[in-house]
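Undergrad: Provide a 3D model corresponding to the input given below.
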Amino acid sequence: MAFDLTKTSRQRPDWTEIWHLWTVIVPRRSINGQLVYGKVWRRHDGRDWIYKKFTEYDDEAAAA
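TA: From the prediction side, this is the model:
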């Protein structure tokens, strides 16, 4: 019985292609004493998490 290791070891699951919005809380405080937090896009590449900057936009400004 032979296994094709080249195909099975390099193939990534389909869910690794999906970006999802993730809220990040940084374990430190800002100048005014509040926790630092924000939103990022996050995707798993099969080994590590990849992050991208999330920029909010105004629907009305985008339509103009």
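
Undergrad: outside of stretch 24-42, which residues touch it?
TA: By C-beta atoms under 8 Å, 6 or more residues apart in numbering, the residues outside stretch 24-42 that reach it are 19-23, 49-54, 56. (C-beta placed from N, C-alpha, C; glycine too.)

Undergrad: can you pull out the strands in the chain?
TA: 20-29, 35-44, 49-53 (DSSP state E).

Undergrad: restricting to C-alpha, output stretch 20-34 in CSV.
TA: In CSV, the C-alpha atoms belonging to stretch 20-34 read as follows (Å, rounded to 0.1, in the frame of the first residue of the first chain):
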residue,chain,number,x,y,z
HIS,A,20,-13.1,36.7,8.7
LEU,A,21,-13.4,39.8,10.8
TRP,A,22,-11.7,39.4,14.2
THR,A,23,-11.6,41.8,17.2
VAL,A,24,-8.2,42.0,18.8
ILE,A,25,-7.6,43.2,22.3
VAL,A,26,-4.0,44.2,23.0
PRO,A,27,-2.9,43.5,26.6
ARG,A,28,-1.8,47.1,27.4
ARG,A,29,-3.5,50.3,28.2
SER,A,30,-3.6,53.5,26.2
ILE,A,31,-2.5,56.9,27.5
ASN,A,32,-6.0,57.5,29.0
GLY,A,33,-6.0,54.1,30.7
GLN,A,34,-8.4,52.3,28.4
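
Undergrad: now it: average pLDDT?
TA: The pLDDT scores in stretch 20-34 average 89.

Undergrad: again with stretch 46-53
TA: 89.

Undergrad: in that stretch, which residues are buried?
TA: Going by neighbour count (16 or more other C-beta atoms under 10 Å), nothing in stretch 46-53 comes out as buried.
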